[in-house]
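J.: coords below, sequence missing:
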């Protein structure tokens with residue numbers, strides 16, 4: 001033992017000797033040049049510490065030139081800075097001792113540079129401010145970057161005085177100016193975003209680099225929390241206006257849903273073709289404005305109203321040779337399904353199959369104006385009468401899909417069925433008129449003329465058709481006809497329905513009125529309309545709120561606040577006053593809608609927290625959790641009890657997501673429970689012992705279902721968020737409650753609408769065979785949404801296999817058929833994806849339609865699949881858009897009007913070019929086509945030659961071209 005202790009000190013001594021000996025060989029490695037530099041610098045520092053003040057200035061100037069002259073590699077510290085590091089504190093002492101102001105400033109400059117290698121935070125900035133304020137770039141780019149890095153830390157420090165802030169701001173302006181001159185726009189934007197002074201950017205950006213700056217700012221917007229994301233978009237808007245880029249400015253105004261700003265930009269733009277392209281863009285986004293007073297008002301309103309969309313769509317169909325109508329059987333190809341030897345047990349002509357056939361026929365031939373089922377009146381009637389009651393309504397409404405956008409022909413066709421004695425067919429035809437008019441704003445307003453007469457009808461079914469028809473026809477419209485607050489104003493008439501006491505104002509009619517108001521006022525944050533709907537909900541008793549139709553009033557309120565972000569906060573809180581399961585569900589729904597498509601990570605975390613609640617405790621413990629939740633903070637995360645049907649084996653499980661309030665439930669503020677006995681599903685303990693059952697805890701499962709849908713809705717904004725959400729859904733599926741599992745397929749479909757990614761298809765395919773029928777139903781429908789309008793071969797094969805798997809289950813088979821119809825939507829020429837204009841703009845009405853249908857499927861057994869409300873599938877109409885590129889040019893024969901022109905374009909996968917140097921290629925792996933051409937998800941187009949100049953930088957939809965005056969055609973000289 002003694003020996004070891006003696007050895008230890010010897011070993012340690014050896015280590016110390018080694019350490020001492022280590023620098024020796026390093027000194028030898030130094031080149032003569034480096035040694036001379038070190039000696040020179042040591043001599044200069046020595047001079048500065050001598051009393052002779054006349055040597056100070058020349059010494060500092062020499063030191064400055066030595067530091068500036070040093071060039072170094074990216075990875076190592078410059079030699080002068082390395083050799084000066086030991087003298088850093090000495091230099092600070094020298095600075096304090098110097099009296100001459102000029103020399104003092106020069107010394108401060110040098111210390112500021114030396115501080116880059118020191119451990120002292122903010123010295124670089126402090127000594128820079130004390131220095132001589134020479135051009136900031138003289139010390140090199142790394143110095144400027146170091147200043148910028150320290151700036152963001154210093155700016156955010158608590159208790160910074162105003163004088164200090166002013167100094168820092170001056171320095172920031174120098175840094176930004178330097179960055180802008182040296183092609184480092186990205187660093188300049190980052191610094192200003194950090195210190196929250198983006199307003200400074202407008203003064204420094206030049207015309208040369210404004211495109212790069214704006215592209216970078218807009219791509220940062222989805223990654224920043226509110227309200228910063230709005231500030232980023234508005235800054236880009238100001239920059240575009242500064243350089244007269246009006247079309248791009250309109251796109252920014254659309255992003256923040258600022259309609260007055262759109263009007264203002266329209267007034268500034270003078271180029272008639274540019275104004276027309278702006279009107280087309282607004283029409284594609286489904287913002288419809290009045291252009292009265294403008295000299296080209298007729299042409300603008302015609303383009304904005306999409307009146308000629310069907311003509312361009314038909315020309316695309318003729319080009320692709322797909323005008324021939326298809327039948328549902330031609331889509332199903334049931335002869336290819338694995339047939340069973342003992343015959344098919346499902347009746348070939350069952351009600352659900354007839355209904356599916358009508359829907360599929362509508363989806364497949366959507367917008368073509370020709371089909372084999374509806375063309376002849378007698379044939380159509382025969383089809384209608386194969387269904388019963390509400391089935392007839394849905395079948396009759398499917399004619400609206402076939403004549404979509406073509407108002408003149410479509411209304412003439414519908415007119416045949418408006419005088420039949422059967423109310424269901426008449427109501428379906430009214431809905432068809434709404435479907436034809438959706439996305440088209442004809443100046444004559446045939447939809448309001450025909451439908452408003454039936455809104456106050458004595459027959460509930462007529463009200464159902466006309467109210468939903470109005471919602472679809474005028475979704476997101478800002479025109480006078482819709483908004484006027486008087487008789488025959490669409491919104492005014494629908495509001496009257498909410499307070500209607502007539503027997504025909506059934507909960508179904510009121511629910512649909514709420515949904516239609518939500519669609520028309522989507523994203524307007526109209527507090528007045530939302531308040532009227534909230535009042536209608538507050539007037540209902542707890543039992544009345546359990547009616548599934550009341551959920552549509554809640555959805556209507558949420559749609560009004562779609563993408564309005566923090567404007568919804570007050571309303572979210574006031575909705576919590578409603579009785580609990582319903583109140584919690586509605587407030588979560590409104591919050592989710594307000595942040596839809598923003599990619600807001602904080603909101604997603606909050607929703608995940610809601611989903612993580614598990615309550616599978618015995619009844620005895622339920623009481624404690626219930627009182628704890630009642631006492632707690634009302635805005636705290638609500639705990640969740642097991643679903644009423646999921647407790648001790650009751651015969652039928654409660655339908656998913658139904659806000660079924662147990663009558664004895666305590667209110668949110670912990671008020672005493674009512675005297676009504678608890679519901680049988682939760683009071684199973686009372687059967688075993690004689691003690692009275694504890695008051696049942698509100699079932700907040702509906703809120704969890706909304707939270708899952710919300711994760712998909714918020715994360716659909718950006719690719720990274722979508723990938724993260726995919727992983728989260730994997731966890732939710734494994735560990736979540738049944739309610740959460742049922743919502744996951746729908747949320748998955750929202751992440752990838754009309755974009756059949758293989759991993760999502762495989763996941764949904766797995767759930768479509770799930771043992772829980774509700775999960776399987778949702779997964780089958782989600783497969784339809786994911787592949788909508790793509791004709792994806794793998795998906796078609798999957799659905800065909802599913803049809804033979806579910807051959808006995810009529811409901812599942814109907815959904816498989818509908819999914820097949822959606823996959824072939826418009827024979828593969830359409831998309832349901834709400835993003836457009838190079839995936840920068842999110843169409844509110846399209847998003848509203850997707851959310852509405854997914855929301856219905858959360859409680860499918862009480863809505864879409866209850867043999868009554870399958871007409872709700874038509875809310876998808878708002879999202880159906882052709883995914884084409886058609887090029888137009890001004891008609892020389894008829895000045896002021898446009899004609900179609902076929903030009904060569906290159907179509908390829910879009911490449912992200914944000915913040916890349918030079919002029920990188922924007923597409924890869926392209927093929928050259930002649931317009932009109934189809935664009936798949938993630939594809940981009942560019943003109944193949946310079947003969948024409950596009951008015952818009954994003955070739956998508958209808959694009960106006962101008963002749964290029966400088967174009968020289970390539971002359972091929974032939975050999976003689």
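T.: Thanks, I have the structure now. If you're wondering where the values come from, they're calculated on a predicted model, not measured in any experiment.

J.: list the contacts for the residue most central in space within the chain?
T.: Centroid-nearest residue in the chain, with CA atoms, centre = their mean: residue 597, separated by 2.0 Å. Contact analysis of residue 597 by CB atoms under 8 Å, 6 or more residues apart in numbering lists 563, 713-714, 716-717, 834, 842, 847. No exception for glycine: its C-beta is placed from N, CA and C like everyone else's.

J.: mind checking which of these are in helices?
T.: 713-714, 847 (DSSP state H).

J.: quick one: which of these is most hemmed in?
T.: Counting neighbours by other CB atoms under 10 Å, residue 713 leads these with 28 neighbours.

J.: any idea how far residue 597 is from it?
T.: 7 Å (CB to CB, to the nearest Å).

J.: wasn't residue 958 part of a strand?
T.: Yes. The assignment for residue 958 is a strand, going by DSSP: H, G, I helix; E, B strand; the rest coil.

J.: right, and it touches residue 881 too?
T.: No. Counting by CB atoms under 8 Å, residue 958 does not reach residue 881; the two are 11.6 Å apart.

J.: which residues are common contacts for the two?
T.: What both residue 958 and residue 881 touch, as defined by CB under 8 Å, 6+ apart, is the set residue 284.

J.: if I pick the closest residue to residue 798 other than its chain neighbours, what's in contact with it?
T.: Nearest non-adjacent residue to residue 798, counting by CB to CB, 6 or more residues apart in numbering: residue 765, 5.3 Å away. Residues counted as contacts of residue 765 (CB under 8 Å, 6+ apart) are 779, 783, 798, 802.

J.: equivalent analysis for residue 517, please.
T.: 471, 491, 494-495, 529, 533, 556, 560.

J.: on the three-state scheme, residue 865 is what?
T.: coil.

J.: could you count how many residues lie near it?
T.: Residues near residue 865, counting by other CB under 10 Å: 23.

J.: so for it, what's the pLDDT?
T.: Predicted confidence (pLDDT) at residue 865: the value is 79.

J.: what about it, distance to residue 809?
T.: On the measure of CB to CB, residue 865 and residue 809 end up 11 Å apart.

J.: please apply the same query to residue 918.
T.: On the measure of CB to CB, residue 918 and residue 809 end up 58 Å apart.

J.: of those two, who's got more company?
T.: Counted by other CB under 10 Å, residue 918 and residue 809 do not tie: residue 809 has more neighbours, with 15 against 6.

J.: skipping adjacent residues, who's closest to that one in space?
T.: Closest to residue 809 by CB to CB, 6+ apart is residue 773, at 7.6 Å.

J.: ok, the one you found touching residue 812?
T.: Yes. In this structure residue 773 lies within contact range of residue 812 using CB under 8 Å: 7.3 Å.

J.: tell me which of these two has more neighbours.
T.: With neighbours defined as other CB under 10 Å, residue 773 and residue 812 compare such that residue 812 has more, 21 against 16.

J.: burial check on residue 757, number of neighbours?
T.: 15.

J.: skip the chain neighbours and tell me the closest residue to it.
T.: residue 786 (7.7 Å).

J.: so who does the one you found touch?
T.: Going by CB under 8 Å, 6+ apart, the list of residues near residue 786 reads 748-749, 752-757, 760-761, 764, 795.

J.: secondary structure, pLDDT and distance to residue 302 for these - can I get that in TSV?
T.: Formatted as TSV, these follow (DSSP: H, G, I helix; E, B strand; the rest coil; pLDDT from 0 to 100; distance: CB to CB, whole Å):
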residue	secondary structure	pLDDT	distance to residue 302
748	helix	91	40
749	helix	90	35
752	coil	88	35
753	coil	89	30
754	coil	88	28
755	coil	87	32
756	coil	88	36
757	coil	86	38
760	helix	88	40
761	helix	90	41
764	helix	90	41
795	helix	90	38
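
J.: quick one, which of those are buried?
T.: 748-749, 752-756, 760-761, 764, 795 (16 or more other CB atoms under 10 Å).

J.: all strands of this structure, in order?
T.: Counting by DSSP state E, residue ranges of the strands within the chain are 830-831, 835-836, 841-842, 881-882, 884-890, 898-900, 904-910, 923-930, 933-934, 939-943, 948-950, 957-963.

J.: Serialize the ones you listed to CSV and add fields for distance to residue 123 and mean pLDDT.
T.: Converted to CSV, the strands of the chain look like this (distance: least, CB to CB, whole Å; pLDDT from 0 to 100):
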stretch, distance to residue 123, mean pLDDT
strand 830-831, 56, 90
strand 835-836, 48, 85
strand 841-842, 46, 86
strand 881-882, 58, 90
strand 884-890, 57, 88
strand 898-900, 64, 85
strand 904-910, 46, 88
strand 923-930, 47, 85
strand 933-934, 60, 88
strand 939-943, 48, 88
strand 948-950, 53, 89
strand 957-963, 55, 89
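
J.: pLDDT-wise, which helix or strand of this structure ranks last?
T.: helix 619-631 (a mean of 35; mean pLDDT, DSSP states H and E).

J.: surely residue 741 and residue 731 touch.
T.: No. Between residue 741 and residue 731 there is no contact under CB under 8 Å: 11.5 Å.

J.: what about the two, which has more around it?
T.: Counted by other CB under 10 Å, residue 741 and residue 731 do not tie: residue 741 has more neighbours, with 24 against 12.

J.: got a list of what the more buried one touches?
T.: 732-733, 770, 772, 775.

J.: most neighbours out of these, which is it?
T.: residue 732 (23 neighbours).

J.: do you know how far it is from residue 943?
T.: Applying CB to CB to residue 732 and residue 943 gives a distance of 45 Å.

J.: next up, the contacts around the residue nearest to residue 837 when sequence neighbours are not counted.
T.: Leaving aside its sequence neighbours, residue 837 sits nearest to residue 954 (CB to CB, 6+ apart; 5.3 Å). Contact analysis of residue 954 by CB under 8 Å, 6+ apart lists 837-838, 840.

J.: what's the closest of those residues to residue 96?
T.: residue 840 (55.4 Å; CB to CB).

J.: that closest one - how many residues pack around it?
T.: 18.

J.: I'd assumed residue 255 was in contact with it.
T.: Yes. The pair residue 840 / residue 255 is scored as a contact, 7.2 Å apart, by CB under 8 Å.

J.: shared neighbours, those two?
T.: Joint contacts of residue 840 and residue 255 (CB under 8 Å, 6+ apart) are residue 218.

J.: who are the neighbours in contact with the closest residue in space to residue 38 that isn't next to it in sequence?
T.: Nearest residue to residue 38, sequence neighbours excluded (CB to CB, 6+ apart): residue 83, at 4.6 Å. By CB under 8 Å, 6+ apart, residue 83 lies in contact with 37-38, 41-42.

J.: swap in residue 512?
T.: Counted by CB under 8 Å, 6+ apart, residue 512 has contacts 464, 467-468, 471, 549, 552.
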